[in-house]
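Chemist: Please find the sequence and the predicted model below.
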Amino acid sequence: MRTLRLSLKSRRALLGLAFISPWLIGFIFLFATPLLQSIRFSFSNLSVAPGGYVLDFVGLKNFKDALLVDATFNRILIDSVGAMVLNVPMILFFSLFTATLLNQKFKGRTLARAIFFLPVILASSAVAAAESAGLINLMGDASAVESTADGGASFNVVSIVRMLANVGLPMAYVDYIVEAIMRIYEIISSSGVQILIFLAALQSVPGSMYEVAKIEGATAYESFWKITFPMVSPLILTNVIYTIIDSFAGSPVTQAIYQTAFKTQNFGLSSAMSWLYTLVIGLVLLVVGWVLSRRVHYN
Amino acid sequence: MAVSGTDRMVVVPKQNYQLQRVRNKTSDLLYSIFRYALVIGISFIILYPLFLKISVAFKDKQDIYNPTIYMIPQHFTLDNIRLAAQVMDYLPLLANTLLFVTITTLLTAISCALAGYGFARFTFPGSNILFVLVILTILVPTSTLMVPMYLHFRSFDFLGIIQLFTGREGVNLLNTYWPSMITAATAGGLKAGLFIYIFRQFFKGMPKEIEEAALIDGAGGFRTFARIMLPNAISPLITVILFSFVWQYNDTFYSALFMSESPLISLKVASLPAQANQLIPQLMGFGSNSGMKADPNYVAMIVDTGILLAIAPLIILYLFVQRYFVESIERSGVVG
């Protein structure tokens, strides 16, 4: 050891590197390398050869194919972004609301919390697939499943629409709210993690702030908007980003990319698709992050 | 209210005060009724599909077409469960899945805790950039890496070592458990970036003095971590282990990609309807070529029972840990 005398600082640095080394190795070989490879694939025609693969450079052909030749990819991509634009505010609103609710003191709160987080445990694409396949089995074809699923929500939507329209809400809002009500289970089951994050944020708001507000005569409504909301706002950004990524993770786009790669064996096209998809998500995240981070209150 | 000037000083505030109290009480009461209605309603929406499945699991075949039955079957039977277990080959499947998921979960927890600690407490050249890269791994969709990862594990060769020594092309690790083990051990598995983030936030919030004391007492870096930091990190550990376990258990993406032929519950469940259709006539005693088709309603029942069997271990696990889990969320410092 005498030959290798390091200062405390560089010894700490080495120790730190040692701690992150499993991650670093994994990152370099199982993340960065595949990432670069997939960029190369997207500009090439990949054919699988015994024990490896052969690449032919084809330029932007794969990207053109994905956008102009492939019949469905365009539509699926736009649909997914559209669904995300609708979903994210709903999930966010619902999870903040639920977290506020679960943060209050009432009897049975522990039980309520346990139940509300159950969807995190049960959200499984495999189960969802089996359920819809079981239904298709029962009904004969997929369109019948959709119509019965709509019919299954057995309360009258028309009455809600009429009621909200009478109140004087614009039709666009009414549609949105009705949509949210119809898909309440979907929204609940995809907001578990977000509720957790908001709940943790609410726990960190000091109770004395609310006491002061109460003494000053603030109503519950005011103290929500003046205290709770600003205090959890940094986590709104986190949650928006998490929700966007999560809503894309199991989307039809991923399915399409998987199909292209492993059913039609067109690896180049699949890589091009996934890069287009990554770029779209990146753009969405950038815009959302930029807009939100200017409004977020940090203390 | 006709009150004279002197009376107003005394009487009206008192009346006002009482009125105020009544008003407050009623609004509190109304609010708590409203809150209970909401909580119970949402709980019902969450639990309803589960109750439905439990009800179906114990329902006899003759109850399928009885419209008067709601939830509680008239004829109880365990046949559905037995049949579903037979179709799925349940017990060996469960044992295999649990073993696999437990190992990957532990590997993920260890590697992510190490990385999280490294990022929380040490500064080394590029430590901030590297942490940004951790966030990047959360953001890049897994489907982007799918094809290169697949090809990589099809002829796995770490730094070309295998080719160097044997001259062969590398090992095909597809349809083994190695791809998942390797990604888990290198903190690159399912949502590992999120776990590193959770650990980092937690370790950042822990007082530095504890470590310094250990350091002065002569413990090395890894010993301090294993003996002092990790035992204090119970809450993020529970969060990460539960999440990792559940997501790995339910995962179809990686398992379909790397080991589509392995006996894992998530893969089995996805193909359950097709299998049930095929196997149920056989199990009920018809020959495989008899052309008999099972009643689709009955198949649906078996599929539902199978799904219940598949998620049952998770529900049981959750019943045990949910208290720690919910508590740990409050203290896990996801917030920072």
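Modeler: On my side now, so go ahead.

Chemist: so B:S143 sits right up against A:Y258, yeah?
Modeler: Yes - the pair B:S143 and A:Y258 passes the contact test of Cβ atoms under 8 Å, sitting 6.8 Å apart. Where you see a C-beta, it was placed from the backbone N, CA and C, and this is true even at glycine.

Chemist: ok, the two, which is more surrounded?
Modeler: Applying other Cβ atoms under 10 Å in any protein chain shown to B:S143 and A:Y258 shows that B:S143 carries more neighbours, namely 26 against 18.

Chemist: May I have the residues that are in contact with the more buried one?
Modeler: Going by Cβ atoms under 8 Å, 6 or more residues apart in numbering or on different chains, B:S143 touches A:V253, A:T254, A:I257, A:Y258, A:S274, A:Y277.

Chemist: How about B:I280?
Modeler: B:I280 sits next to B:L83, B:V87, B:A294, B:Y298, B:V299, B:I302 when contact means Cβ under 8 Å, 6+ apart.

Chemist: Looks to me like A:V54 is in a helix.
Modeler: No - counting by DSSP: H, G, I helix; E, B strand; the rest coil, A:V54 is not part of a helix but strand.

Chemist: Roughly how far does A:G108 sit from B:S43?
Modeler: With the distance defined as Cβ to Cβ, to the nearest Å, A:G108 ends up 9 Å from B:S43.

Chemist: Just want to know which of those two has more residues nearby.
Modeler: B:S43 (18 against 12).

Chemist: For the more buried one, give its distance to chain A.
Modeler: 5 Å (Cβ to the nearest Cβ, to the nearest Å).

Chemist: nearest residue to that residue other than its sequence neighbours?
Modeler: Spatially, and ignoring its direct neighbours in sequence, B:S43 is nearest to A:I115 (4.5 Å; Cβ to Cβ, 6 or more residues apart in numbering or on different chains).

Chemist: How many residues are close by the one you found?
Modeler: By other Cβ under 10 Å, the residues close to A:I115 number 20.

Chemist: same question, A:F29
Modeler: Count around A:F29 with other Cβ under 10 Å applied: 16.

Chemist: cool, the one 4 residues further on as well?
Modeler: Residues lying near A:T33 (other Cβ under 10 Å) number 15.

Chemist: If I look at it, what pLDDT would I see?
Modeler: With respect to pLDDT, A:T33 scores 89.

Chemist: Ok, B:M301 next?
Modeler: 83.

Chemist: show me the contacts for it.
Modeler: B:M301 sits in contact with B:V56, B:K59, B:K61, B:I64, B:N80, where contact means Cβ under 8 Å, 6+ apart.

Chemist: that's a strand at the last one, yeah?
Modeler: This points to B:N80. No - looking at B:N80 with three-state DSSP, it is helix, so not inside a strand.

Chemist: SS state for the closest residue to it other than its chain neighbours?
Modeler: With Cβ to Cβ, 6+ apart as the criterion, B:N80 has its nearest non-adjacent residue at 4.4 Å, and that residue is B:T305. Here B:T305 is helix, with the state taken from three-state DSSP.

Chemist: Show the contacting residues for B:T305.
Modeler: Counted by Cβ under 8 Å, 6+ apart, B:T305 has contacts B:K53, B:V56, B:A57, B:N80, B:I81, B:L83, B:A84.

Chemist: can we see that at 10 Å?
Modeler: B:53-54, B:56-59, B:79-85, B:87-88, B:272, B:276 (Cβ atoms under 10 Å, 6 or more residues apart in numbering or on different chains).

Chemist: residue nearest the centroid of chain A?
Modeler: The residue lying closest to the centre of chain A (Cα atoms, centre = their mean) is A:D246, at 2.2 Å.

Chemist: my read: that residue touches A:Q194, true?
Modeler: Yes - with contact defined as Cβ atoms under 10 Å, A:D246 and A:Q194 form a contacting pair (8.7 Å).

Chemist: Common neighbours of these two, please.
Modeler: The overlap between the contact sets of A:D246 and A:Q194 (Cβ under 10 Å, 6+ apart) consists of A:I91, A:N239.

Chemist: what about the strands in chain A?
Modeler: Assigned by DSSP state E, chain A shows strands spanning A:44-49, A:52-57.

Chemist: Which of those strands sits closest to B:Y17?
Modeler: Proximity to B:Y17 (Cβ to Cβ) singles out strand A:44-49 among those, at 80.5 Å.

Chemist: what's in contact with the closest one?
Modeler: A:37, A:40, A:53-59, A:61-62, A:261, A:265-272, B:147, B:151, B:154.
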